[in-house]
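Asker: Pasting a predicted model and its sequence here:
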Amino acid sequence: GRQQPPAAQHEVHLPQPVRRQVAPAREGLADPDPQEGEEALRQDRRRDRQRGVDDDQPHEVREQVAQELHQLVMDFDTRRQMLDMDTDGCVLKLVFNPEARQELSHNGVTPRWAAAYKYPPEEAVTTLLGVTFQVGRHGTVTPVAELQPVSLAGSVIRRATLHNMPRMDSLGLSAGCQVTIAKAGEIIPQVLRVTAAGPGGLITAPATCPVCKGPLVKEDDVVAVRCANFDCEGVIIARLKHAISKAALDVDGAGESLIEDLVRAGGIKKLSQLFSLDPAGLLRSGVKASPATIIRWMQMFTNAASKVLDKPATLLYALSVKDLGRKACGALVEHHGSVMKLLEAPEEVIRATPDLTPVAAAAWLRVREEPWFVSELHAFGRLGFQLDMRPQTPTGNALAGLKFVITGELSRERDDFHRLIKANGGSATGSVSGKTSYLIVGRDAGRSKMQVAETKGVKMISEEQFWALLDESRKNCHTEGQGSLQGS
């Protein structure tokens with residue numbers, strides 16, 4: 001059923017937003033100009049007509065009650081099915097009362113005079129053909145439903161996640177049963193419930209790893225079970241798939257099937273081996289490829305290596321250390337400079353690393369004692385990978401005394417912004433405090449840092465405003481420098 005807004009009261013209650021925030025207001029971060037309300041509405045009308053929403057008489061809700069808002073939301077639910085694009089919600093905006101918009105203002109980035117409403121996801125019923133069990137890069141075993149193909153929210157679904165073993169067991173799945181599926185967050189297909197039992201027996205979780213048949217272990221504080229075998233073929237494949245992904249080493253042209261072939265037929269077990277392929281050895285091993293294809297693979301990995309030779313944090317992230325994410329890898333390298341020195345750094349020094357969580361610190365202290373990890377670092381060192389950060393050569397002091405924090409996605413990697421800020425005399429950290437000068441807010445920014453910034457009175461700026469600040473500061477520094485020269 002549809003989400004129901006509350007009954008009418010003396011004051012208007014908007015439907016509660018669900019996992020959605022309104023994009024930053026058209027007026028930017030400043031309070032809305034009362035004169036821009038009508039122009040904003042005209043722009044919305046023009047854009048809607050271009051998208052097929054021909055609504056010359058939009059709902060002008062001046063003294064709304066909850067029922068009117070509810071009807072408006074439900075009416076659009078019907079109309080959106082006729083659009084030539086996928087939609088998952090609508091935004092209610094106060095456009096005809098500039099004074100009220102001015103009074104409501106915004107919380108720093110998102111306006112308080114607008115609310116987003118997300119519709120319940122579309123559902124479909126299909127037949128469960130079976131369940132397969134995937135092994136992840138940290139050994140986590142995840143059940144996946146294999147389905148009779150069914151159309152759902154604009155795509156054909158053949159597989160859906162079951163999340164974890166306890167969740168799968170609670171559904172009571174059997175081969176051939178009818179299941180209802182939906183897309184979690186409008187993206188990931190998931191099984192919601194069983195609608196009709198099937199002729200097959202109850203599907204249960206495996207007692208051993210589905211790939212290597214080794215033991216499965218369960219930690220006390222998590223619901224997932226993991227394969228305890230570090231050399232499990234399934235774990236190795238998942239680790240290497242992560243390493244070549246865009247989020248890590250970004251090996252252009254390398255697909256999952258290549259990794260599977262290199263591991264299963266080529267005997268590849270370590271990430272470093274991908275960057276030192278032996279054509280003769282691969283041909284002898286039974287890899288189904290011509291010498292020319294293998295040479296092309298080697299060039300592909302060489303090209304990828306050239307982009308990250310001087311990025312030790314990226315290499316650490318590609319090695320798939322449990323509980324050591326991209327941000328933690330960046331914090332370790334950025335604040336200590338040398339990966340090899342980190343292997344010997346005292347525990348209290350590691351735990352005191354700025355922007356490094358206790359969980360990530362414990363992960364580093366644990367993995368640096370493991371022979372495979374140390375061996376891989378030395379192997380990459382021999383391959384020419386830079387394991388020490390190159391000292392930043394200051395280019396000026398335009399940002400001297402300013403402390404920045406970044407949230408959300410920007411046009412470049414976050415590490416690039418950190419280096420740019422430091423090269424111009426500023427500093428960059430991962431958490432907002434009273435000493436923070438600016439919070440740079442990018443796309444899909446989380447709420448936590450913005451809430452802290454609002455509480456502590458930290459100014460929030462967009463990426464465009466950051467570039468403008470940097471340009472202006474550089475000009476001021478240049479002008480002051482000329483004045484000093486003239487004065488001398």
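Answerer: It's in. As the structure is a prediction and not an experimental result, all values here were calculated from the model.
Asker: now the helices for the stretch 151-300 of the chain?
Answerer: Assignment of helices within the stretch 151-300 of the chain using DSSP state H, counting those that start in this stretch yields the ranges 165-171, 233-244, 256-264, 271-274, 279-285, 291-308.
Asker: which parts of the fourth one are buried?
Answerer: Under the neighbour-count criterion of 16 or more other CB atoms under 10 Å, helix 271-274 has L271, S272, Q273, L274 buried. Backbone N, C-alpha and C define where each C-beta goes, glycine included.
Asker: just the strands in the stretch 101-250 of the chain please.
Answerer: For the stretch 101-250 of the chain, the strands defined by DSSP state E, counting those that start in this stretch cover 114-118, 123-135, 141-152, 155-161, 178-184, 188-196, 216-218, 225-227.
Asker: now the angle from the second one to strand 141-152?
Answerer: The reference is to strand 123-135. Inter-element angle recorded for strand 123-135 and strand 141-152: 150 degrees (by axes from the mean of the first three to the mean of the last three CA atoms, to 10 degrees).
Asker: Please apply the same query to the first one.
Answerer: Inter-element angle recorded for strand 114-118 and strand 141-152: 90 degrees (by the same axes, to 10 degrees).
Asker: Packing partners of strand 114-118?
Answerer: Applying 3 or more CB pairs under 8 Å, 6 or more residues apart in numbering; DSSP states H and E, one finds that strand 114-118 contacts strand 89-93.
Asker: And the second one, by the same measure?
Answerer: The helices and strands touching strand 123-135, judged by 3+ CB pairs under 8 Å, 6+ apart, are strand 141-152, strand 178-184, strand 188-196, helix 233-244.
Asker: picking that back up, out of the strands of the stretch 101-250 of the chain, indicate the one that is most buried.
Answerer: Highest mean neighbour count among the strands of the stretch 101-250 of the chain (mean count of other CB atoms under 10 Å): strand 225-227, with a mean of 22.
Asker: Please list the residues outside that strand that contact it.
Answerer: Outside of strand 225-227, the residues within contact range by CB atoms under 8 Å, 6 or more residues apart in numbering are 135, 138-141, 165, 205, 209, 211-212, 214-219, 234-235.
Asker: just to revisit the earlier point, possible to save the helices of the stretch 151-300 of the chain as JSON lines with mean pLDDT?
Answerer: Output for these, formatted as JSON lines (pLDDT from 0 to 100):
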{"stretch": "helix 165-171", "mean pLDDT": "93"}
{"stretch": "helix 233-244", "mean pLDDT": "96"}
{"stretch": "helix 256-264", "mean pLDDT": "92"}
{"stretch": "helix 271-274", "mean pLDDT": "95"}
{"stretch": "helix 279-285", "mean pLDDT": "87"}
{"stretch": "helix 291-308", "mean pLDDT": "90"}
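Asker: Out of these, which gets nearest to S155?
Answerer: helix 256-264 (19.5 Å; CB to CB).
Asker: So for the helix or strand containing K475, mean pLDDT?
Answerer: Under the criterion of DSSP states H and E, K475 resides in helix 463-487. Across helix 463-487, pLDDT averages out at 68.
Asker: And the contacts of stretch 368-376?
Answerer: F230, K270, L271, S272, L319, V321, L342, L343, V367.
Asker: Quick check: the gap between the fourth one and A243.
Answerer: As judged by CB to CB, to the nearest Å, S272 and A243 stand 10 Å apart.
Asker: how near is D310 to M298?
Answerer: 21 Å.
Asker: For these two, indicate the residue with more neighbours.
Answerer: Set D310 next to M298 and count neighbours by other CB atoms under 10 Å: M298 wins out with 17 against 14.
Asker: which residue sits closest to that one in space, ignoring its chain neighbours?
Answerer: L277 (5.1 Å; CB to CB, 6 or more residues apart in numbering).
Asker: Likewise for E463?
Answerer: Spatially, and ignoring its direct neighbours in sequence, E463 is nearest to L410 (5.2 Å; CB to CB, 6+ apart).
Asker: okay but that neighbour is in contact with I440, surely?
Answerer: Yes: contact criterion CB atoms under 8 Å: L410 and I440 qualify, at 7.1 Å.
Asker: what residues are shared contacts of those two?
Answerer: Counting by CB under 8 Å, 6+ apart, the common neighbours of L410 and I440 are F417, E463.
Asker: out of the two, which sits in the busier spot?
Answerer: Counting neighbours by other CB under 10 Å for L410 and for I440 shows that I440 has the greater number, 22 against 18.
Asker: OK, contacts around the more buried one?
Answerer: F404, V405, I406, T407, L410, F417, M460, I461, S462, E463, F466.
Asker: Among these, find me the one that's closest to L83.
Answerer: Distance to L83, by CB to CB, is smallest for S462 among those, at 29.2 Å.
Asker: Distance of the closest one relative to V321?
Answerer: S462 is 34 Å from V321, where distance means CB to CB.
Asker: out of the two, which sits in the more crowded spot?
Answerer: The neighbour count for S462 versus V321, taken as other CB under 10 Å, is higher for V321 (21 against 18).
Asker: ok, that one touching A362?
Answerer: No: using CB under 8 Å as the test, V321 is too far from A362 to be in contact (11.2 Å).
Asker: quick revisit: Serialize the helices of the stretch 151-300 of the chain to CSV and add fields for distance to V150.
Answerer: Listed next are the helices of the stretch 151-300 of the chain as CSV, based on distance: least, CB to CB, whole Å:
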stretch, distance to V150
helix 165-171, 17
helix 233-244, 27
helix 256-264, 24
helix 271-274, 38
helix 279-285, 41
helix 291-308, 37
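Asker: ranges for the helices of the stretch 351-488 of the chain?
Answerer: Using DSSP H, counting those that start in this stretch, helices in the stretch 351-488 of the chain cover 358-367, 371-382, 414-423, 447-456, 463-487.
Asker: Would you reformat these as JSON lines and include mean neighbour count and distance to A100?
Answerer: Output for those, formatted as JSON lines (neighbours: other CB atoms under 10 Å; distance: least, CB to CB, whole Å):
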{"stretch": "helix 358-367", "mean neighbour count": "17", "distance to A100": "45"}
{"stretch": "helix 371-382", "mean neighbour count": "15", "distance to A100": "59"}
{"stretch": "helix 414-423", "mean neighbour count": "18", "distance to A100": "37"}
{"stretch": "helix 447-456", "mean neighbour count": "16", "distance to A100": "21"}
{"stretch": "helix 463-487", "mean neighbour count": "13", "distance to A100": "27"}
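Asker: Please convert those to JSON lines, extending it with distance to Q67.
Answerer: Output for these, formatted as JSON lines (distance: least, CB to CB, whole Å):
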{"stretch": "helix 358-367", "distance to Q67": "48"}
{"stretch": "helix 371-382", "distance to Q67": "62"}
{"stretch": "helix 414-423", "distance to Q67": "46"}
{"stretch": "helix 447-456", "distance to Q67": "30"}
{"stretch": "helix 463-487", "distance to Q67": "41"}
